[in-house]
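*Asks:* Need a 3D model of the sequence below.
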Amino acid sequence: LHTLQTTYIFRIMGKDHRITLTRRHAYRTKTNRVKTIKTPGGKHTAQYLAKHRAGAKCGDCKICLPGIKHMDSRGFKNAKGREKTVSRAYGGSRCHTCVKQRIVRAFLIEEQKIGKKVLAEKMKKSKA
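*Replies:* Reported below is the predicted structural model:
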C-alpha cells in the first residue's frame, strides 16, 4: 500500500527538481534565467541561459543582416573577422538590396552628368 501511495504522489506532483543557483544573484530576472538539467550523476543542476541577441542591422533599411552571427558587443569584440562581415562591398554594414540601390543610383548620376555635358556641347555648337 505504501509504495502505491508514493507512486501515485510522484505521478501527481512529479519528482523533486529543486536546485540551488550557483551564482549569488537570486531573483528571476532577464539575465538570471536558468534551465534545470540532469547531470550524468543523476543530480539536478542549474544551467544559466544567455539572452537572445538582436544581431547586426542594415544602416539604411534596418533589416537583420543575413550571414552575420547575432552577438553582444563582447562577442563582436572577440569574434573573427569572417564572422562579422560578408565578402561584398559594404558587407556587414548594408544589406544586398541597399548596396544594389547605391550602385544603380551612382550609375544613373554619372549618366546624368554625361548627358548634361553632351547637351552643353550641343548648345555651344549651335550658338557658334
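*Asks:* show me where this structure has strands.
*Replies:* Remark: strands assigned in the chain by DSSP state E are 34-38, 44-48.
*Asks:* ok, the last one: who's next to it in the sheet?
*Replies:* Sheet neighbours of strand 44-48, with direction, are listed as strand 34-38 (antiparallel) (DSSP bridges).
*Asks:* quick one: average confidence on the strand it pairs with?
*Replies:* Confidence for strand 34-38, expressed as mean pLDDT, is 93.
*Asks:* can you offset everything so residue one is 31?
*Replies:* Yep, numbering from 31; the last one is strand 64-68 now.
*Asks:* Need the CA coordinates for that strand. PDB is fine.
*Replies:* Extracted C-alpha coordinates of strand 64-68, given in PDB (Å, rounded to 0.1, in the frame of the first residue of the first chain):
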ATOM      1  CA  VAL A  64      18.100  29.000 -15.600                       C
ATOM      2  CA  LYS A  65      17.200  25.700 -17.100                       C
ATOM      3  CA  THR A  66      17.200  22.600 -14.800                       C
ATOM      4  CA  ILE A  67      19.300  19.800 -16.300                       C
ATOM      5  CA  LYS A  68      20.100  16.400 -15.000                       C
END
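*Asks:* Run the chain-centre distance for it.
*Replies:* 25 Å (CA atoms, centre = their mean, to the nearest Å).
*Asks:* Understood, closing this out.
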